[in-house]
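K.L.:
Just a sequence and a predicted model for now, questions to come.
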Number of protein chains: 2
Amino acid sequence: MSAGVVNRQLLLTRYADNLPGEEHFTLTESPVGTPDEGQVLVKVLYLSMDPAPRMRMSGGSALPQLPLNTVMIGRGIGQVVASRDPRYPEGAFVMGEPGWQEYACIPADGLRLIDPSLGPLPAHLGALGNSGLAAYFATLRQGSPKPGETLVINAAAGSVASIAGQIARIHGVRVVGIAGGSVQLDYLRNDLRFDAAVDYQAPDFASQLSAALPNGVDVFLDLVGGETHDAVMRHLNVHARIVLVGVIASYNRPPDEVDTGQRHLLTWINRRVRLSGFLVGDYAAEFPDALRQIAAWIREGRIVTRETVFDGLEACPHAFRALFGSDHVGKLLVRL
Amino acid sequence: MSAGVVNRQLLLTRYADNLPGEEHFTLTESPVGTPDEGQVLVKVLYLSMDPAPRMRMSGGSALPQLPLNTVMIGRGIGQVVASRDPRYPEGAFVMGEPGWQEYACIPADGLRLIDPSLGPLPAHLGALGNSGLAAYFATLRQGSPKPGETLVINAAAGSVASIAGQIARIHGVRVVGIAGGSVQLDYLRNDLRFDAAVDYQAPDFASQLSAALPNGVDVFLDLVGGETHDAVMRHLNVHARIVLVGVIASYNRPPDEVDTGQRHLLTWINRRVRLSGFLVGDYAAEFPDALRQIAAWIREGRIVTRETVFDGLEACPHAFRALFGSDHVGKLLVRL
């Protein structure tokens, strides 16, 4: 790495009360660092836009807030340009949490090598990355749908749900996706070929959902919480399983506002529902096998994927905001 | 059964918006019926006061409301006085759902024979009945605490929780009970010998609870919902299990009022909590084995039980209301 190379970074400079946008970030430049022992210097190639980091942008959230004037956090893929750890030689492709910047010195223990033979680089942030892994383990380990059962998923055109729904269909499960607007619904129907797609923005959402669920719900992968969560509760079968993957509906709430709403304890008792909180990291030991399986399904055409790619570090705030809208489908990425 | 015997009954004659009381019931008399084929005529000896029937006293509840001017529902124990089913001969003691009346013609399929050798009659509505069975299966099958773990239970001086806590202690689990007022707290500390007892009516409830949970919560048997539910959420360990047994805090809500409150989805995700709705009927095939085990623990002095007994059919409304107060401990019964 030649000295004097400039690292452009996006700092979080204002906390957000609602949707994130350009007003919360400031572009800055600093010299590229040199890795200490146990660190790796990575040139960032793709940044992954994921909803959970939004929570760290609020003061007073349940999760620790990010200090102001630090680089915004985020997952990404890069290439090693200097290494102080023998597991990650120069030139290797790695996955980690570089944050919103062009170069990052990252502790080697926070990295994972990418196997480029499994698929193109951007796919390693989607179907072959945490999105695909979350879809795989949430569906097969915690939802455990049986052939002929019905699985419902919200944020269904997004990176996790679009793969989860396809994995469920591979296993003979009827899949109903909840998404918003015609772009996303067309994607569910025509590309992902879900058994039914329901528009939560439509005035007749409730009756659309009823019509799509003639046999009720056996498994609900809940990525959103909020109103779609409540709507699905009315259709749970006895012994239904709810996998709690995310609460996207809550991430943009003002920090002093508690998540309040209907409580469904009595429904869960009467129908003996099982709910389980899900974090993909619990399955880390099984990632290699799962990735090989997902890669095989992609090669066989049984899983299709799509990325929405924005260009340049400056696009990050806009791309991040798009994550909470209904104009994109599949994995949202920024290419640096 | 000689003709002309009078059956006294308590009819539900008014729906309740809040606590149940005498104003909702009317005493009436009718002739004792004769059993049809497949029915059994039972002389009721003890009625069990349980919270769930309260829900049927509200118009517009999630559960079907009881029609007005019908006998109030409730479990009980009685002796067969006339039978049209060979499994239940005259003189046998049976458990079932006679409702609030002195005689009941009950379909034989809704009955269960009582084995009087296991313990005294009233115990068959408590530790040796549904309360004990619910405690046994909720604790050991769905909570599954390991030795050294911490189990928290609310409505802890009541019939289910008092047994559940003792079963957990037999298995080497640290048990923390949440109850209200000095009568109940003394019972938890001195009779049940729970490891800690916390008063939800005390102004310093939150700090009492924190002090009682130095190692957090591994298993929460939730019989109540409401504020004690919310308080426990702040102490859940990673991979905690919540067994949803009841929602006593909600049973007296006006029928048009939805159960609304804090939603804990994000907490359940971050700590990978598992929740499961519980109904004891799912374990019916295993009742005989469980009852033998509970009876053995009672004989060995490892489970102590207490009944609060009211006398006479007229006492039912008062006894039922007491269920939602904090002046009684153990199983609430009415002796006819």
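P.N.:
Cool, the structure landed.

K.L.:
check contacts around A:Ala123.
P.N.:
Contacts for A:Ala123 (Cβ atoms under 8 Å, 6 or more residues apart in numbering or on different chains) come out as A:129, A:298, A:305, A:307. Every residue, glycine included, has its C-beta placed from N, CA and C.

K.L.:
err, A:Cys316, not the other one
P.N.:
For A:Cys316, the contact set (Cβ under 8 Å, 6+ apart) comprises A:10, A:25, A:47, A:49, A:72, A:74, A:100, A:310, A:334.

K.L.:
Tell me which of those residues fall in strands.
P.N.:
Among the contacts of A:Cys316, the members falling in strands (DSSP state E) are A:10, A:25, A:47, A:310, A:334.

K.L.:
Look up the residues forming beta bridges with the last one.
P.N.:
Assessed by DSSP bridges, A:Val334 has beta-bridge partners A:Leu47, A:Phe310.

K.L.:
residue contacts, A:Asp230?
P.N.:
Contacts of A:Asp230 by Cβ under 8 Å, 6+ apart are A:261-262, A:264.

K.L.:
how about the ones in strands among the contacts of A:Cys316, which pair is most distant?
P.N.:
Using Cβ to Cβ, the pair of the ones in strands among the contacts of A:Cys316 lying farthest apart is A:Phe25 and A:Phe310, separated by 14.2 Å.

K.L.:
neighbour-wise, which of the two wins?
P.N.:
Neighbour comparison, A:Phe25 and A:Phe310: the larger count goes to A:Phe25, with 23 against 19 (by other Cβ atoms under 10 Å in any protein chain shown).

K.L.:
State the distance from the more buried one to B:Leu41.
P.N.:
Applying Cβ to Cβ, to the nearest Å, the value for A:Phe25 to B:Leu41 is 78 Å.

K.L.:
And for A:Ala82?
P.N.:
According to Cβ to Cβ, A:Ala82 and B:Leu41 sit 89 Å apart.

K.L.:
who has more neighbours, those two?
P.N.:
Between A:Ala82 and B:Leu41, B:Leu41 has the larger neighbour count (other Cβ under 10 Å), namely 23 against 17.

K.L.:
Find the nearest non-adjacent residue to the more buried one, please.
P.N.:
Excluding its sequence neighbours, the residue lying closest to B:Leu41 (Cβ to Cβ, 6 or more residues apart in numbering or on different chains) is B:Ala82, at 4.1 Å.

K.L.:
That neighbour and B:Glu90, how far apart?
P.N.:
From B:Ala82 across to B:Glu90, the span is 7 Å (Cβ to Cβ).

K.L.:
ok now do A:Val329, which residues does it touch?
P.N.:
For A:Val329, the contact set (Cβ under 8 Å, 6+ apart) comprises A:157-158, A:162, A:183-184, A:187, A:191, A:306, A:308.

K.L.:
What subset of the residues you listed is buried?
P.N.:
For those, a neighbour count by 16 or more other Cβ atoms under 10 Å in any protein chain shown gives the buried set as A:157-158, A:162, A:184, A:187, A:191, A:306, A:308.

K.L.:
Most neighbours among the contacts of A:Cys316, please name it.
P.N.:
In terms of neighbours by other Cβ under 10 Å, the contacts of A:Cys316 top out with A:Leu47 at 30 neighbours.

K.L.:
wait, does the lowest-mean-pLDDT helix or strand in chain A contact chain B?
P.N.:
Every helix and strand in chain A was compared by mean pLDDT, DSSP states H and E; the lowest is helix A:248-251, with a mean of 84. Yes: counting by Cβ under 8 Å from any Cβ of the partner chain, chain B has neighbours in helix A:248-251: A:Ser250.

K.L.:
Adjacent strands (with direction) for the helix or strand following that helix?
P.N.:
Of the helices and strands lying after helix A:248-251 in sequence (DSSP states H and E), the nearest is strand A:260-262. Strand A:260-262 pairs in its sheet with strand B:260-262 (antiparallel), by DSSP bridges.

K.L.:
What are the contacting residues of the partner strand?
P.N.:
Contacts of strand B:260-262 (Cβ under 8 Å, 6+ apart): A:258-263, B:226, B:230, B:233.

K.L.:
Show me which of those residues has the smallest pLDDT value.
P.N.:
Within the contacts of strand B:260-262, the minimum per-residue pLDDT falls on A:Val258 (79).

K.L.:
okay, now A:Arg234: neighbour count?
P.N.:
Summarising burial for A:Arg234: neighbours were counted as other Cβ under 10 Å, giving 14.

K.L.:
cool, and A:Pro147?
P.N.:
Counted with other Cβ under 10 Å, the neighbours of A:Pro147 add up to 8.

K.L.:
Now do the contacts for it.
P.N.:
By Cβ under 8 Å, 6+ apart, the neighbours of A:Pro147 are A:171-173.

K.L.:
which of the residues you listed has the most neighbours?
P.N.:
Of all these, the highest neighbour tally under other Cβ under 10 Å goes to A:Val173, namely 21 neighbours.

K.L.:
What sits closest to it if chain neighbours are left out?
P.N.:
A:Pro145 (4.3 Å).

K.L.:
Name the SS class of the one you found, please.
P.N.:
Here A:Pro145 is recorded as coil under DSSP: H, G, I helix; E, B strand; the rest coil.

K.L.:
I'd like to know how far it sits from A:Ala231.
P.N.:
In this view, A:Pro145 and A:Ala231 are 19 Å apart by Cβ to Cβ.

K.L.:
Also A:Leu118?
P.N.:
As judged by Cβ to Cβ, A:Leu118 and A:Ala231 stand 37 Å apart.

K.L.:
Could you do A:Ser207 as well?
P.N.:
As for A:Ser207, its distance to A:Ala231 is 11 Å (criterion: Cβ to Cβ).

K.L.:
now the contacts of A:Asp230 in a markdown table, with neighbour count and distance to A:Leu63?
P.N.:
A markdown table is the format used below for the contacts of A:Asp230 (neighbours: other Cβ atoms under 10 Å in any protein chain shown; distance: Cβ to Cβ, whole Å):
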| residue | neighbour count | distance to A:Leu63 |
| --- | --- | --- |
| A:Gly261 | 20 | 20 |
| A:Gln262 | 14 | 24 |
| A:His264 | 23 | 24 |
